[in-house]
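> Have a look; sequence and predicted model below, questions after that.
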Amino acid sequence: MALLMQFEGNIESALKRFRNLPAEVQTRAVKNVRGRLLIAESDVLAHSGVTWRRGAAGLAGRLTSYCKRDSAIGLDGAIGFRKTTGFPYELSQEFGAKAKPGGAMSIPLSPEAQRFDSPRNFPQELHVQKMDGKAYLANEKGRPYYILLKSIKPRLRFRQNVARNVPAIGDAVIRAMGE
């Protein structure tokens, strides 16, 4: 499910004006927007309620943006998360999630667990173990590989953080015309 944000109400006329700009101004605009999108990425990382870990394997490693000139539409750009196989964690972090009645969601805790799309495919036999009032799927030695949760609260705030940067992204194009 792609959620699109509209930067300007009359985008057709804005793109037509952009296509009529000199090539060097278009190049500066693309460069300015790229830089502003990188700042927006940093803003998403800094202002969410998510604890960023696991390096390139986690959400932070999949956050990306791009901006380029496009002959058909003029300027093409986006900010979001690269696709991965399996469950799209960014949606559950943005909107929250609830397990089915009587069930639980298993969230991988270790790199070994992340390699498998489900605890059912994990090569070791796992048992439910309670520690500190939380339920885990652990091996016979007690090492937890998954945490079992009934729900996840929305906490990424990706849309709000990007929306806060929209005026600055638009200003990056206008600044290119004035340089």
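Yep, that arrived.

> Bridged to the residue nearest the centre of the chain, which residues?
The centroid of the chain falls nearest to residue 81 when counting by CA atoms, centre = their mean (3.9 Å). Taking DSSP bridges as the rule, residue 81 bridges to residue 63.

> does it really touch residue 65, like I thought?
No: with contact defined as CB atoms under 8 Å, residue 81 does not count as touching residue 65 (10.3 Å). In short, each C-beta sits where N, CA and C put it, glycine included.

> helices and strands around the lowest-mean-pLDDT helix or strand in the chain, which ones?
Every helix and strand in the chain was compared by mean pLDDT, DSSP states H and E; the lowest is helix 11-19, with a mean of 74. The helices and strands touching helix 11-19, judged by 3 or more CB pairs under 8 Å, 6 or more residues apart in numbering; DSSP states H and E, are strand 74-81.

> List the buried residues in stretch 22-38.
Using 16 or more other CB atoms under 10 Å as the test for burial, stretch 22-38 gives 25, 26, 28, 29, 30, 32, 33, 36, 37.

> I meant to write stretch 101-118 there.
104, 105, 106, 107, 108, 109, 113.

> Other residues contacting the helix or strand where residue 46 lies?
Using DSSP states H and E, residue 46 falls within helix 23-47. Applying CB atoms under 8 Å, 6 or more residues apart in numbering, the external contacts of helix 23-47 come out as 18, 21, 52, 60, 63-69, 74-75, 77, 79, 156-158, 161-162, 164-165, 168-169, 171-173, 175-177, 179.

> Tell me what angle it forms with strand 74-81.
On the basis of axes from the mean of the first three to the mean of the last three CA atoms, to 10 degrees, helix 23-47 is oriented at 10 degrees to strand 74-81.

> can you give me the strands in this protein?
63-70, 74-81, 97-98, 105-108, 127-131, 134-138, 144-149, 151-152 (DSSP state E).

> Residue 103 and residue 40: what is the separation?
From residue 103 across to residue 40, the span is 36 Å (CB to CB, to the nearest Å).

> any idea how far the closest residue to residue 169 other than its chain neighbours is from residue 106?
Of all residues not flanking residue 169 in the chain, residue 36 sits nearest, at 4.8 Å (CB to CB, 6 or more residues apart in numbering). Here residue 36 is placed at a distance of 38 Å from residue 106 (CB to CB).

> what's the answer for residue 174, then?
Residue 174 is 48 Å from residue 106, by CB to CB.

> again, but for residue 97
According to CB to CB, residue 97 and residue 106 sit 12 Å apart.
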